[in-house]
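Asker: What follows is a protein structure lacking sequence information:
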Ligand code: NAD
């Protein structure tokens, strides 16, 4: 997009302090939006606010400490965005943590509940709080939810993460159906392997393998995903609703290929 597609709009980006969320904050600001970051990483969020100012957009990004697993925090995040910028037009429910552990070795308190609370409950909280604000404003608005290829296929040691991300796709479809009468669109994205701090924790060998699984043999840059999210949030994507937009550079297609 060339700039100005989100002029006058106010967006929340959860997990906006890093990776895909950070890149999306910058893409949305470049398109004219004002953005509130909701994140538990206060230093990271502050850095993104400063980056936006350095890039010539002072005062367009605000940061709120919000843990998406907490319903009061997410309600507070929406309230503070409205206080700061007057309204809310876009909710990007993107905050997430990885979760991988062999099923038989699971401790539910360590390997199940924390991931579900952030990756699934967090999206539920974001959908509910944003939708209520959109309706209170008279309708309209866009919700984009970050799922994953793990929500679309089985993954080794991804029992909990995959369930959460599949749940995000289900939330997206059902929310789009229930909220359509208020003019609200709801869309999910499924990144494949994106070069963010989540992947930086893995070895070079594993990163190379993950890159090889995408059709062009490369990891996706967070900025490439951000570009799609900014488009989905804009009125140009008005026909896209209740569905999944793949941003996986062909991962799912590659896995399902015929000989
Ligand atoms: P990242 O670690 O760079 O960013 C995640 C952000 O979420 C961080 O800023 C972190 O502080 C924040 N966060 C974590 N827990 C939180 C909480 N409880 N409340 C609020 N904020 C919280 O990772 P990323 O790769 O940019 O991931 C963003 C989203 O994309 C996640 O939902 C992830 O599951 C999904 N995803 C990533 C990939 C990938 O390859 N990187 C692939 C598929 C899906």
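Answerer: Everything's here; your move. From a predicted model like this one, the values you see are computed outputs, not experimental measurements.

Asker: OK, contacts around the closest residue to residue 71 other than its chain neighbours?
Answerer: Nearest residue to residue 71 in three dimensions, chain neighbours excluded: residue 125, at 5.3 Å (C-beta to C-beta, 6 or more residues apart in numbering). Heads up, the C-betas are built off the backbone N, CA and C, glycines and all. By C-beta atoms under 8 Å, 6 or more residues apart in numbering, the contact set of residue 125 is 68, 69, 70, 71, 74, 75.

Asker: Any of these buried? List them.
Answerer: Buried members of the contacts of residue 125, scored by 16 or more other C-beta atoms under 10 Å, are 68, 69, 70, 74, 75.

Asker: which residue packs closest to the third one, ignoring adjacent ones?
Answerer: Beyond its immediate neighbours in the sequence, the residue positioned closest to residue 70 (C-beta to C-beta, 6+ apart) is residue 125, lying 7.6 Å away.

Asker: picking that back up, please list which of the contacts of residue 125 are also close to the ligand.
Answerer: Counting by C-beta under 6 Å from any ligand atom, 68, 69 from the contacts of residue 125 sit close to the ligand.

Asker: So of the contacts of residue 125, which two are at opposite extremes in space?
Answerer: Using C-beta to C-beta, the contacts of residue 125 span at most 12.9 Å, a distance reached by 69 and 75.

Asker: Am I right that residue 18 is in contact with residue 41?
Answerer: Yes: counting by C-beta atoms under 8 Å, residue 18 does reach residue 41; the two are 6.6 Å apart.

Asker: For residue 86, grab the count of nearby residues.
Answerer: By the criterion of other C-beta atoms under 10 Å, residue 86 has 10 neighbours.

Asker: And it, its phi and psi?
Answerer: Reported as degrees, to the nearest 10, the phi and psi values for residue 86 are phi 90, psi -20.

Asker: The residue most central in space within the chain and residue 50, how far apart?
Answerer: Note on the chain: the residue nearest the mean C-alpha position is residue 94, at 2.3 Å, using C-alpha atoms, centre = their mean. Distance of residue 94 to residue 50, given as C-beta to C-beta, to the nearest Å: 20 Å.
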